[in-house]
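> When you get a sec, could you give me coordinates for this:
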Amino acid sequence: MARIELKTREQMRVMAQAGVIVERALAAAKAACVPGASTSAADAEAARVIAEAGATSNFLGYHGFPATICISVNEEVVHGIPGDRVLTDGDVVSIDCGAVVDGWHGDSAISFIVGEPVSDADAKLVTVTERSLWAGIAALAGASRIGEVGAAVEDVAEAAGLHPLDGYVGHGIGTAMHMEPDVPNYRTRGRSPHVQHGMCLAIEPMLVIGTSESAVLADEWTVVSLDGSRAAHWEHSVAVHEDGIWVLTASDGGASRLVPLGITPVAP
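Okay, the predicted model is just below:
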């Protein structure tokens, strides 16, 4: 296994700068996702926010990816490419975005329903996926091993009758967007890496209503559920240091969601 990059608290603070830019870019992209708008309009808004902040996109050009955000609609789980697809009421949309400041990366994702929800199942999917994310982050605060994060995510998903997507996981983040270690969204066999001070991890549950199996479309990016059922995706980048954890991609460090779970985030 490759070495896990451990950060100083000063480096975490730079990552938090990148993370807050990502938070703002996601909010702008979401605001552009109205019925009748194209997915490329959301991409343009995210690109504008990142450029105005003096940061750069870590998605654009990544292994040839052609856009600033990944935007995935309905049965598309992750890695959807923005384009001229027009959004309609009731679409489940997931947007994944990242930014780089002074060589340090931030990465986050949100899911939501466009316009008026037309299905209680879709609303539940989005809500439970977000809840599973925060359960995983809360588990990280007291975890001795990375695998405890995935167990917490899976517990929330399974209790609601949803399923983590097989084979797709979170990751370390820092001087690159994707680094060691993997952060699964489900229980795994064997011992996972120890949680260490200095780790920064992107935790990103991807839950589906139906099968946990997936396929990649001909564009070689877009991942869809194999049975066509809808999916949701939430993600935050989280720092672990000597005094606690801090959600790097939330301007409040995650306090609004973690304090009710008994966790008080501490800034690096």
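> Going by C-alpha atoms from here, please, whenever you check contacts or count neighbours.
Noted.
> roughly how far apart are the spatially most central residue of the chain and T129?
What sits nearest the mean C-alpha location of the chain, by C-alpha atoms, centre = their mean, is E235, with 2.0 Å. Applying C-alpha to C-alpha, to the nearest Å, the value for E235 to T129 is 10 Å.
> Same question for P268.
27 Å.
> The two - which one has more neighbours?
T129 (30 against 21; other C-alpha atoms under 10 Å).
> Need the phi and psi values for that one.
Taking degrees, to the nearest 10, you get phi -60, psi -40 for the backbone angles of T129.
> who's in contact with it?
157, 205-207, 232-234 (C-alpha atoms under 8 Å, 6 or more residues apart in numbering).
> Closest to A99 out of those?
W234 (16.5 Å; C-alpha to C-alpha).
> from memory the closest one sits against I110, does it?
Yes - using C-alpha atoms under 8 Å, W234 makes contact with I110 at a distance of 4.8 Å.
> what sits in contact with each of those two?
What both W234 and I110 touch, as defined by C-alpha under 8 Å, 6+ apart, is the set S94.
> correct me, but the residue nearest to the centre of the chain touches A109?
Yes - with contact defined as C-alpha under 8 Å, E235 and A109 form a contacting pair (4.5 Å).
> Overlap of the contact sets of the two?
Between them, E235 and A109 share the contacting residues 96, 204, judged by C-alpha under 8 Å, 6+ apart.
> Can you name the helix or strand that V22 falls in?
Using DSSP states H and E, V22 sits in helix 9-31.
> Can you give the distance of that helix from its chain's centre?
12 Å (C-alpha atoms, centre = their mean, to the nearest Å).
> Can I get it in CSV? Just the C-alpha atoms.
Taking C-alpha atoms only, helix 9-31 is exported to CSV below (Å, rounded to 0.1, in the frame of the first residue of the first chain):
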residue,chain,number,x,y,z
ARG,A,9,-2.5,21.8,11.0
GLU,A,10,-1.3,24.7,8.8
GLN,A,11,-1.7,22.5,5.7
MET,A,12,-5.2,21.6,6.9
ARG,A,13,-6.1,25.2,7.2
VAL,A,14,-5.2,25.7,3.5
MET,A,15,-7.3,22.7,2.6
ALA,A,16,-10.2,24.4,4.5
GLN,A,17,-9.8,27.4,2.3
ALA,A,18,-10.2,25.2,-0.7
GLY,A,19,-13.1,23.4,1.0
VAL,A,20,-15.1,26.6,1.6
ILE,A,21,-14.6,27.5,-2.1
VAL,A,22,-16.0,24.1,-3.0
GLU,A,23,-19.0,24.7,-0.7
ARG,A,24,-19.8,28.0,-2.4
ALA,A,25,-19.3,26.4,-5.9
LEU,A,26,-21.8,23.6,-5.0
ALA,A,27,-24.3,26.1,-3.8
ALA,A,28,-24.1,28.1,-7.0
ALA,A,29,-24.4,25.0,-9.1
LYS,A,30,-27.4,23.8,-7.2
ALA,A,31,-29.1,27.2,-7.6
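> Tell me, how many residues neighbour D96?
Using other C-alpha under 10 Å: D96 sits among 26 other residues.
> Please, which helix or strand holds it?
Going by DSSP H and E, D96 is part of strand 92-101.
> pLDDT at the nearest residue to T249 once chain neighbours are set aside, what is it?
Of all residues not flanking T249 in the chain, G19 sits nearest, at 3.9 Å (C-alpha to C-alpha, 6 or more residues apart in numbering). Looking at G19, its pLDDT stands at 98.
> Now do G19 against I137, distance only.
For G19, the distance to I137 - C-alpha to C-alpha - is 16 Å.
> before we move on, the earlier item: and the residue nearest to T249, what is it in contact with?
98-99, 105-108, 237, 248-250.
> Could you rerun that using 7 Å?
Neighbour list for G19: 106-107, 248-250 [criterion: C-alpha atoms under 7 Å, 6 or more residues apart in numbering].
> and of those residues, the nearest to G198?
Nearest member of the contacts of G19 to G198, counting by C-alpha to C-alpha, is L248, at 12.9 Å.
> Just list what the one helix or strand A42 maps to packs against, helices and strands only.
Here A42, judged by DSSP H and E, is contained in helix 39-52. Judged by 3 or more C-alpha pairs under 7 Å, 6 or more residues apart in numbering; DSSP states H and E, the packing partners of helix 39-52 are helix 9-31.
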